[in-house]
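J.: missing the sequence, but the structure's below:
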């Protein structure tokens, strides 16, 4: 699950393989517990088919939940993952032949009742799952880099607290670059606010990532991921906080859930009434562009290309 959240195709393949093999191992290890009651013969074709079903269905569920640009409802992802487990199980059972053991002794009295065993297994499973999920939640109280204000003279002037969209008046509440720039100008007209790093969970052994390494930012529910061209890295900040901290001449909020680095855009194309920006990254990534922000992005890309060529 953790590998799948990193939104890398290579890591997604590894995650699907590990999950599929885990599902298959759970089944066949459980079946081995019946060896004292019956002799089991597994058809190799069905064994291979069951493992492939577990891997492919797991991969599809993980891709829908974490990697798909148009993520379906979570119930659909859960149903596909359920098919991975049940489909693997019934395929494996279809290829199983049981032969009774002649002269086998009847099983003795169990050392523990079935009801108590079920309670113990449920509690242990709950605790292990809870600890695992808690381990994935980053500490949001860790130190966060403060924004740097660079005046026209070029001297850095640190401020005590980051600027957020709360400083924008209610009439300018939508999180647009113009509202952010207006709020910054009201605070210090002769200054531009930006940061050279953003806090992340972990990146190359550090707790920050350079803004120059950022290709795009993606908000997924309550979480935010920073894409560095190869993988997605968890960021504790909201997308509204991030867009305020990034230089507006380089980073543009193209969608309520996406920010892109215009210097990393390889191609901009239309997709119906909206647009799609293809990033020039080692791992292929396309970012949706809302219809209302498509003209602004075109204009900003044109200015950037003209400046670069000059």
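T.: Structure's in. What do you need? Everything numeric in this text was worked out from a predicted model, so none of it was measured. Numbers count the residues shown, from 1 in each chain.
J.: Where does residue 97 fall, secondary structure wise?
T.: According to DSSP states H and E, residue 97 maps onto strand 96-100.
J.: Can you give me the buried ones in the very next helix or strand once past that strand?
T.: Next in sequence after strand 96-100, counting helices and strands by DSSP H and E, comes helix 114-135. Within helix 114-135, no residue is scored as buried using 16 or more other C-beta atoms under 10 Å. Using the backbone N, CA and C atoms, a C-beta is placed for each residue, glycine as well.
J.: about what we covered before: which helices and strands does the strand holding residue 97 pack with?
T.: In terms of contacts (3 or more C-beta pairs under 8 Å, 6 or more residues apart in numbering; DSSP states H and E), strand 96-100 is packed against strand 38-42.
J.: can you give me the strands in the stretch 101-250 of the chain?
T.: Per DSSP state E, counting those that start in this stretch, the stretch 101-250 of the chain carries strands over the ranges 148-151, 156-158, 191-194, 197-203, 206-210, 216-220, 223-227, 232-235.
J.: Dump those strands to CSV, plus mean pLDDT.
T.: Output for these, formatted as CSV (pLDDT from 0 to 100):
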stretch, mean pLDDT
strand 148-151, 42
strand 156-158, 44
strand 191-194, 60
strand 197-203, 85
strand 206-210, 87
strand 216-220, 88
strand 223-227, 88
strand 232-235, 87
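J.: Now render those strands as JSON lines, adding distance to residue 292 and mean neighbour count.
T.: Listed next are the strands of the stretch 101-250 of the chain as JSON lines, based on distance: least, C-beta to C-beta, whole Å; neighbours: other C-beta atoms under 10 Å:
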{"stretch": "strand 148-151", "distance to residue 292": "30", "mean neighbour count": "15"}
{"stretch": "strand 156-158", "distance to residue 292": "34", "mean neighbour count": "9"}
{"stretch": "strand 191-194", "distance to residue 292": "24", "mean neighbour count": "18"}
{"stretch": "strand 197-203", "distance to residue 292": "26", "mean neighbour count": "20"}
{"stretch": "strand 206-210", "distance to residue 292": "29", "mean neighbour count": "16"}
{"stretch": "strand 216-220", "distance to residue 292": "17", "mean neighbour count": "21"}
{"stretch": "strand 223-227", "distance to residue 292": "22", "mean neighbour count": "23"}
{"stretch": "strand 232-235", "distance to residue 292": "25", "mean neighbour count": "22"}
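J.: Adding distance to residue 249, write the ones you listed out as JSON lines.
T.: Below are those laid out as JSON lines (distance: least, C-beta to C-beta, whole Å):
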{"stretch": "strand 148-151", "distance to residue 249": "13"}
{"stretch": "strand 156-158", "distance to residue 249": "18"}
{"stretch": "strand 191-194", "distance to residue 249": "9"}
{"stretch": "strand 197-203", "distance to residue 249": "17"}
{"stretch": "strand 206-210", "distance to residue 249": "17"}
{"stretch": "strand 216-220", "distance to residue 249": "16"}
{"stretch": "strand 223-227", "distance to residue 249": "19"}
{"stretch": "strand 232-235", "distance to residue 249": "21"}
